[in-house]
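Asks: below is the sequence, then the predicted model.
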Amino acid sequence: MAFKFDHLFICTDIGACEADRLVSFGLVEGTSNTHLGQGTTNRRFFFRNAMLELLWVHDTEEAKSELIRPTRL
């Protein structure tokens, strides 16, 4: 079976202050994204063939919804 790595996400506290450390190492931060209806927000770093996403819950009620439950966030 072939495997292709595309996207790594790490769950963080609100604001993902860890991203500031990555920026201080020289990584360039992409735009942030709020996942409407999912209750999460992120800070992202893009690479040639992958993305690192630091993800946190900003709305616990949305994150607990029946629609999102199958994702197990």
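Replies: Received it, and whenever you're ready, just let me know what you need.
Asks: other residues contacting the top helix by length along the chain?
Replies: Secondary structure assigned by DSSP state H gives helix 18-24 as the longest helix of the chain. Applying C-beta atoms under 8 Å, 6 or more residues apart in numbering, the contact partners of helix 18-24 are Ile10, Thr12, Glu29, Arg43, Phe45, Leu52, Leu54. For every residue, glycine as well, the C-beta is placed using N, CA and C.
Asks: that helix: which residues count as buried?
Replies: By neighbour count, and taking 16 or more other C-beta atoms under 10 Å as the criterion, the buried residues in helix 18-24 are Ala19, Leu22.
Asks: that one - what's its average pLDDT?
Replies: Regarding helix 18-24, the rounded mean pLDDT is 96.
Asks: moving along the chain from it, name the first helix or strand you hit.
Replies: strand 33-35 (DSSP states H and E).
Asks: what are the buried residues along that following strand?
Replies: Buried-residue list, strand 33-35, by 16+ other C-beta under 10 Å: His35.
Asks: beta partners of Arg43?
Replies: Arg43 forms beta bridges with Leu54, as assigned by DSSP bridges.
Asks: which residues does the nearest residue to Thr34 once chain neighbours are set aside contact?
Replies: Residue nearest to Thr34 in three dimensions, not counting chain neighbours: Thr41, with 4.7 Å by C-beta to C-beta, 6 or more residues apart in numbering. Residues in contact with Thr41 (C-beta under 8 Å, 6+ apart) are Ser32, Asn33, Thr34, His35, Leu55, Trp56, His58.
Asks: tell me the pLDDT of Thr41.
Replies: pLDDT for Thr41: 97.
Asks: go on, the one 4 residues further on?
Replies: At Phe45 the predicted local distance difference test score is 97.
Asks: correct me, but it touches Glu29?
Replies: Yes - Phe45 is in contact with Glu29 according to C-beta atoms under 8 Å; the separation is 6.0 Å.
Asks: and the residue nearest to Thr34, that's in a strand?
Replies: Yes - remark: Thr41 belongs to a strand, assigned using DSSP: H, G, I helix; E, B strand; the rest coil.
Asks: ok, the closest residue to Asp6 other than its chain neighbours - contacts?
Replies: Closest residue to Asp6 apart from its sequence neighbours, by C-beta to C-beta, 6+ apart: Ala50 at 5.8 Å. By C-beta under 8 Å, 6+ apart, the contact set of Ala50 is Phe5, Asp6, His7, Leu8.
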